[in-house]
Structures are given as structure tokens and as C-alpha cells.
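**Q** Predicted model, plus sequence, below.
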Amino acid sequence: MSRKPGAVAERHPEAAVIVPPRSTAVPSETAESSPTQRDRHLQFITEHGRTAWQKTSGYTIRARVEVTIGRFKQVIGDGLRSRTDQRRATEVDVAVHALNRMLELGRPISVRIA
């Protein structure tokens, strides 16, 4: 697996990089003439706010997926024990079912009153 910068962009030029810019980020010098994707993100945040940017860019979905995978690895472990694909699929199904059950038990039951 290649770890050099730009490896994903070389293999998948249409891939969008969704990295939240720092709150102190400023546009590049070429933002007016030829804005980069980062410059466009900064402009959108300036005009619509960070929360709107997160929703439109899909960042919230990405963050939820990362949290879920982190939770899976912390509770279940980051390695599969089975050797065949069919058994690995079964192992993942069982682990996901167990994790979902644990989350269900800890989730509060709320009822809307008004």
C-alpha cells in the first residue's frame, strides 16, 4: 500500500478530500484566480457556516462511520480470527449483532410529550 502524499489523487482523481479546515484557516494566495478545493470549502464556511458545510460535504456521515469503526475495534478487536472468507463474514455478522445489542441496551427510551 502506498503512503506517499497524493497517492489517492493519482489513482482516483475524482475523489473528494473532506478535511475540516482549522477555525483559523485563511484562503491561499490564488483563491481569487484559481481556488483549490480547500479554498472553496473555506468560502462555503464563511458564507454558510461550519455546520452547513459539514452537512453538505458529507463530513457528518464520515465522522459517524469513523466513530462506529473505532467503537467496533475497541470492543471487538481489530483483527479477525477466522481464515476463510465465509467464516470471516460470519464472524463479522456475529460481532456486529453483539455490538448493536450492547448499544441498544444502553440507549435511553424517550417519548415525546408535546
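**A** Happy to help now that I have it. Just so it is clear, the structure is predicted and the values come from calculations on it, not from any experiment.
**Q** Next, give phi and psi for the spatially most central residue of the chain.
**A** Residue closest to the mean C-alpha point of the chain, counted by CA atoms, centre = their mean, is Arg62 at 2.0 Å. Here is the backbone geometry of Arg62 (degrees, to the nearest 10): phi -60, psi -40.
**Q** if you skip the residues just before and after it, what's nearest to it?
**A** Ile18 (6.1 Å; CB to CB, 6 or more residues apart in numbering). Using the backbone N, CA and C atoms, a C-beta is placed for each residue, glycine as well.
**Q** That neighbour and Tyr59: what is the separation?
**A** 5 Å (CB to CB, to the nearest Å).
**Q** now swap in His41 and tell me
**A** 10 Å.
**Q** Give me the more crowded residue out of those two.
**A** Higher neighbour count among His41 and Tyr59: His41, with 22 against 16, using other CB atoms under 10 Å.
**Q** Return the residues in contact with the more buried one.
**A** Pro21, Trp53, Ser57 (CB atoms under 8 Å, 6 or more residues apart in numbering).
**Q** Need the buried ones from those residues selected in ChimeraX.
**A** The buried subset of the contacts of His41, as determined by 16 or more other CB atoms under 10 Å, is captured in ChimeraX by this line:
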select :53,57
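**Q** How is this protein divided into domains?
**A** 12-57, 60-106 (automatic domain parsing).
**Q** could you redo the ones you listed as JSON lines and give each row mean pLDDT?
**A** JSON lines is the format used below for those (pLDDT from 0 to 100):
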{"stretch": "domain 12-57", "mean pLDDT": "88"}
{"stretch": "domain 60-106", "mean pLDDT": "92"}
